[in-house]
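Novice: no FASTA, just this:
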């Protein structure tokens, strides 16, 4: 039987459940963990990429793991 990895079940007391996020503010460009924040927000507040310039993006680097054969 598989479980949904995105679902976390548990109970919190009223005092804990009513608290707000007390994590320190993070500079806009920092991604200190997977998903940017400890909460996994995966949101970037940066505004350098816009609908007007997204088509000009180019890969900065690539990495081949060897799983898929590349060109000779």
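Specialist: Arrived safely, thanks for sending. This one's a predicted model, so the numbers in the text were calculated from it and none came from an experiment.
Novice: for the most centrally placed residue in the chain, helix, strand, or coil?
Specialist: Residue closest to the average C-alpha location in the chain (CA atoms, centre = their mean): residue 35, at 1.9 Å. Secondary structure, DSSP: H, G, I helix; E, B strand; the rest coil: residue 35 is coil.
Novice: And the pLDDT for residue 41?
Specialist: As predicted, residue 41 sits at a pLDDT of 81.
Novice: Report how many residues lie close to residue 36.
Specialist: When neighbours are defined as other CB atoms under 10 Å, residue 36 has 17 of them. From N, CA and C alone the C-beta is placed, and that goes for glycine too.
Novice: thought it was touching residue 43?
Specialist: Yes. Contact criterion CB atoms under 8 Å: residue 36 and residue 43 qualify, at 6.7 Å.
Novice: Settle this for me: residue 32 is touching residue 25, isn't it.
Specialist: No. Residue 32 is beyond contact range of residue 25, at 11.9 Å (criterion: CB under 8 Å).
Novice: which one of these two has more residues nearby?
Specialist: Between residue 32 and residue 25, counted using other CB under 10 Å, the more crowded position is residue 32 (9 against 5).
Novice: which ones are touching the more buried one?
Specialist: Residue 32 sits next to residue 26 when contact means CB atoms under 8 Å, 6 or more residues apart in numbering.
Novice: Which secondary structure state does it sit in?
Specialist: With three-state DSSP as the basis, residue 32 sits in coil.
Novice: Residue 55 - how many residues pack around it?
Specialist: By the criterion of other CB under 10 Å, residue 55 has 6 neighbours.
Novice: what does residue 58 give?
Specialist: 4.
Novice: so it, which of the three states?
Specialist: With three-state DSSP as the criterion, residue 58 reads coil.
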